[in-house]
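Chemist: 3D, please:
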Amino acid sequence: MRLALFEPDIPQNTGTILRLAACFGISVDIIEPCGFVFSDRRLKRAGMDYLDQVELTKHGSWAKFIENNAARDTKARIVLLTTKADTPYTDFEFQPADILLLGRESAGVPGDVHDAVDARVAVPMSPEMRSLNIAVSAAMVLGEALRQTDGFPS
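Modeler: This next block holds a predicted model:
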């Protein structure tokens, strides 16, 4: 299981997600460009001393991410967390090698990325609400994916 952040633009959210990944032993892919300098103090403050504990891979672009994913030994499905999905994450059957992809906080992912993923899931919420914070969404969906795949650290 991996988390992937598509062109993240809020350093505090990225730091929080990196801390989440460290606590669960999950690798993280950062698909650049980022909307901030990766050494940003806000990223470090949110990630605290957990940042050194994360297996982090940076990819220069979406195309590089796809290329690097194809080169891995295990074929990984890319599962996009999006408000535009019809499938609630609780109804989706996760697999241990899945990559959970999170879009930019300000704009999600572009149409070509949306079309290229293997699956799309949503967090059900009140219809009058626009979206959840991506770090909250990442924690909810990752928790369910790890529960389903018996992937929590022991």
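Chemist: state whether D9 is indeed within a strand.
Modeler: No. Assessed with DSSP: H, G, I helix; E, B strand; the rest coil, D9 is coil; it does not lie in a strand.
Chemist: was I right about it contacting P33?
Modeler: No. Using C-beta atoms under 8 Å, D9 makes no contact with P33, being 9.4 Å away. No exception for glycine: its C-beta is placed from N, CA and C like everyone else's.
Chemist: so those two - more neighbours on which side?
Modeler: The neighbour comparison of D9 against P33 (other C-beta atoms under 10 Å) goes to D9, with 16 against 11.
Chemist: once you drop chain neighbours, what's closest to that one?
Modeler: G35 (2.9 Å; C-beta to C-beta, 6 or more residues apart in numbering).
Chemist: so the one you found versus Q53, what's the distance?
Modeler: Distance, G35 to Q53, using C-beta to C-beta, to the nearest Å: 24 Å.
Chemist: okay, strands next: where are they in the chain?
Modeler: 2-6, 27-31, 56-59, 78-81, 99-102, 119-121 (DSSP state E).
Chemist: measure D150 to S137 for me?
Modeler: Applying C-beta to C-beta to D150 and S137 gives a distance of 22 Å.
Chemist: got the contact list for the residue lying farthest from the centre of the chain?
Modeler: Ranked by distance from the centre of the chain (C-alpha atoms, centre = their mean), the top residue is E128, with 24.4 Å. If a contact means C-beta atoms under 8 Å, 6 or more residues apart in numbering, then E128 has no contacts.
Chemist: can we start the residue count at 766 from this point?
Modeler: With 766 as the first residue, the last one maps to E893.
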